[in-house]
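>>> quick one, fold the following:
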Amino acid sequence: MKLFHLVLWRISLALIIVLSLWAGFFYIKIVDEVNDEVDDSLEDYSEGLIIRALSGEEMPAASNGSNNQYYLYEVSKSYAASHPQITYRDEMVFITEKDETEPARVLITIFRTDDERYMELVVYTPTIEKLDLLRAIFWWIVFLYVLLLLIILLINVWVFHKNMKPLYTLLRWLDNYQLGKKNAPLENETRVTEFRRLNTAAMAYAERSEKLFEQQKVFIGNASHEMQTPLAICRNRLEMLMEDENLTEHQLNELIKTHQTLENLTRMNRSLLLLCKIENGQFADTHSVCLNEILNRYLEDYKEVYAYRNITVTVESDSEFCVDINDALVSVLVTNLLKNAFVHNVDNGFIHIKITSSSFEISNAGEEALDRERIFERFYQGQKKEGSTGLGLALVDSICKSNHLQIAYAYIDNRHVFTLSRSE
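As a prediction, this is how the structure comes out:
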């Protein structure tokens, strides 16, 4: 979840709670205030009636043209003792003047006359409909909440885009940053201390990564280059030893195995050196090359080398697939795909090559699928094959990435299918 959405969600939830509590408190205070004003009016009205009753004056009519009404009647001493002297409550009463039942505020007072009689005075006056008030407050709160939420959303959008701009700028810079390549400098001026520290940490981390990457490239390049000479010397000495007529058959076989191991090590060393050069961008000289021509140049040679496996090769081409690439790299690209198809095939198998204007597809027979997540990793081999270094497809992937190409693998109908296309 994005930070912006998370903040809005929490603000909305907090507003629901706060406004609900505020609405309840507001309703209680409004009702208390209304009741207090009505109770004061009822007290004044009841005091006047009690004074007239005690003084023996004539009592006014129970319904005197106003909304206030009263009942006065005698009660027993035990009743007076068991009930409070003054009681306030809300009731639904019949209003004579309006000829209808309405909610009213009722004041009940018990008092004693001079002749030791106990009287109960019930005074009531119409008041507000609390349920209607509650509904009105509820809908006004809903309206207020929606209005506040929309305003807060707009304010938060503006605040986030204004105050979080340095963070988004840094994220875009990190997304576009590519290790080992020339990257644009981070231009992210801000007065916020935390963002400035974050910018500094990101640039420091990038510098450390660049230094480590450069050291790794230099080490691999130097190590691979320096190993070429001693490897060549060892191979030459082994070849001289193998020409010795005094060697036994067992000794000759051991020397041959050692020589093959050195050959594999030499090929691996050359592949690592080539990978290092590709990642260093040392093949910048490019021009348009058609893979059809490169395929025709090397296909017959591979057929002869692997003729003993009796592999059938078919080529389907309706147009030319041309890309901008270095001459040396395109040869490595095509030959590695060809070698992979021959080496990781089955005896009496097949290789099918399909070339269109937008893709170069090569497929071969296979017994089981390879790991699509790891197939282009260095030294990964689904099934170990003699003479394979595990770097062929890693080279293919590195060449594609450096030349705006895309290589994809799929296992379809017992076939390993590699499709080369232009990156979108």
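>>> distance of L42 relative to E254?
120 Å (C-beta to C-beta, to the nearest Å). Bear in mind the C-beta positions are built from the backbone N, C-alpha and C, glycine included.
>>> same thing with S46?
Counting by C-beta to C-beta - S46 and E254 are separated by 125 Å.
>>> what about these two, which has more around it?
Neighbours per residue (other C-beta atoms under 10 Å) separate S46 from E254, with S46 holding more: 21 against 12.
>>> may I have the residues that are in contact with that one?
Under the criterion of C-beta atoms under 8 Å, 6 or more residues apart in numbering, the neighbours of S46 are 70, 107, 109, 121, 123.
>>> which one among the residues you listed gets closest to E361?
Checking the contacts of S46 against E361 by C-beta to C-beta gives L107 as the nearest, at 96.4 Å.
>>> check which helix or strand that closest one maps to.
Under the criterion of DSSP states H and E, L107 resides in strand 100-112.
>>> with I362 instead?
Using DSSP H and E, I362 sits in strand 359-365.
>>> what's the burial count for N326?
A count of nearby residues for N326, using other C-beta under 10 Å, gives 20.
>>> which phi and psi does it have?
Backbone torsions for N326, taken as degrees, to the nearest 10, come to phi -70, psi 140.
>>> hmm, it is touching T286, no?
Yes: contact criterion C-beta atoms under 8 Å: N326 and T286 qualify, at 5.3 Å.
>>> need the overlap of contacts for these two.
By the contact definition C-beta under 8 Å, 6+ apart, N326 and T286 are jointly contacted by N403.
>>> re earlier: which two in the contacts of S46 are spaced the farthest apart?
Among the contacts of S46, the pair separated by the greatest distance (C-beta to C-beta) is Y70 and T109, at 10.1 Å.
>>> joint contacts of these two?
46, 121, 123.
>>> checking V323 next. Helix, strand or coil?
strand (DSSP: H, G, I helix; E, B strand; the rest coil).
>>> pretty sure it is touching E293, no?
No: applying C-beta under 8 Å as the test, V323 and E293 come out as separate, 11.9 Å apart.
>>> the two: which is more packed in?
Just comparing V323 and E293: by other C-beta under 10 Å the higher neighbour count belongs to V323, 20 against 12.
>>> distance of that one from Y79?
Note on V323: its distance to Y79, by C-beta to C-beta, is 108 Å.
>>> same question for V34.
With distances taken as C-beta to C-beta, V34 is found 31 Å from Y79.
>>> higher neighbour count, the two?
Using other C-beta under 10 Å as the criterion, V34 and Y79 rank with V34 on top: 15 against 12.
>>> that one: what secondary structure?
Assignment for V34 (three-state DSSP): helix.
>>> so it touches T127, yeah?
Yes: the pair V34 and T127 qualifies as a contact (C-beta under 8 Å) at a distance of 6.8 Å.
>>> for I141, grab the count of nearby residues.
I141: 17 surrounding residues under other C-beta under 10 Å.
>>> the stretch 251-400 of the chain: helices as residue ranges?
Here the stretch 251-400 of the chain has its helices, by DSSP state H, counting those that start in this stretch, at 291-305, 327-343, 392-402.
>>> correction: the previous question concerned the stretch 51-200 of the chain.
Counting by DSSP H, counting those that start in this stretch, the helices of the stretch 51-200 of the chain are 77-82, 130-163, 165-176, 193-242.
>>> worst mean pLDDT among these?
When the helices of the stretch 51-200 of the chain are compared on mean pLDDT, helix 130-163 scores lowest, with a mean of 75.
>>> okay, the angle between it and strand 100-112?
Angle between the axes of helix 130-163 and strand 100-112 is 110 degrees (criterion: axes from the mean of the first three to the mean of the last three C-alpha atoms, to 10 degrees).
>>> now do the buried residues in helix 130-163.
In terms of neighbour count (16 or more other C-beta atoms under 10 Å), helix 130-163 has its buried residues at 137, 141, 145, 149, 160.
>>> mind checking how far the second one is from I155?
When C-beta to C-beta is applied, the distance between I141 and I155 equals 20 Å.
>>> next: the fourth one.
The gap separating L149 from I155 is 11 Å, by C-beta to C-beta.
>>> now do D39
44 Å.
>>> over to Q85?
Q85 is 56 Å from I155, where distance means C-beta to C-beta.
>>> so who does M59 touch?
49, 52-53, 72.
>>> so what's E120 bridging to?
Residues in a beta bridge with E120, per DSSP bridges, are Y73, I110.
>>> residue numbering should commence at 167 henceforth.
In the new numbering, first residue 167, that becomes E286.
>>> what number of residues lie near it?
E286 has 17 neighbouring residues, counting by other C-beta under 10 Å.
>>> got the contact list for it?
With contacts defined as C-beta under 8 Å, 6+ apart, E286 is in contact with 238-241, 245-246, 274-276.
>>> chain neighbours aside, what residue packs nearest to L238?
Nearest residue to L238, sequence neighbours excluded (C-beta to C-beta, 6 or more residues apart in numbering): L287, at 5.2 Å.
>>> so the one you found sits right up against I274, yeah?
Yes: with contacts counted by C-beta under 8 Å, L287 reaches I274, the gap being 7.4 Å.
>>> who does the helix or strand A576 falls within pair up with?
Per DSSP H and E: A576 is located in strand 571-577. With DSSP bridges as the test, strand 571-577 is paired with strand 581-588 (antiparallel).
>>> can you give me the distance of the nearest residue to N502 once chain neighbours are set aside to R401?
Computed as C-beta to C-beta, 6+ apart, the closest residue to N502 that is not its neighbour in sequence is G558, at 4.3 Å. In this view, G558 and R401 are 21 Å apart by C-beta to C-beta.
>>> neighbour count: those two, which is higher?
Under the neighbour definition other C-beta under 10 Å, G558 and R401 were set side by side, and G558 has more, 22 against 16.
>>> so how far is S242 from the more buried one?
Counting by C-beta to C-beta, the gap from G558 to S242 is 113 Å.
>>> before we move on, what about K423?
Separation of K423 from S242 (C-beta to C-beta): 126 Å.
>>> rounded mean pLDDT for stretch 582-590, please.
86.
>>> and what of stretch 185-205?
77.
>>> send the alpha carbons of that stretch over as CSV?
Extracted in CSV, the C-alpha atoms of stretch 185-205 (Å, rounded to 0.1, in the frame of the first residue of the first chain):
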residue,chain,number,x,y,z
LEU,A,185,-17.0,13.2,14.3
SER,A,186,-19.2,10.4,15.8
LEU,A,187,-18.1,11.2,19.3
TRP,A,188,-18.5,14.9,18.6
ALA,A,189,-22.0,14.3,17.2
GLY,A,190,-23.0,12.3,20.3
PHE,A,191,-21.6,15.0,22.6
PHE,A,192,-23.2,17.8,20.6
TYR,A,193,-26.6,16.0,20.7
ILE,A,194,-26.4,15.6,24.5
LYS,A,195,-25.4,19.2,25.1
ILE,A,196,-28.2,20.5,22.8
VAL,A,197,-30.8,18.4,24.5
ASP,A,198,-29.5,19.5,28.0
GLU,A,199,-29.6,23.1,27.0
VAL,A,200,-33.2,22.9,25.6
ASN,A,201,-34.4,20.9,28.7
ASP,A,202,-32.8,23.5,31.0
GLU,A,203,-34.6,26.4,29.3
VAL,A,204,-37.9,24.5,29.2
ASP,A,205,-37.4,23.5,32.9
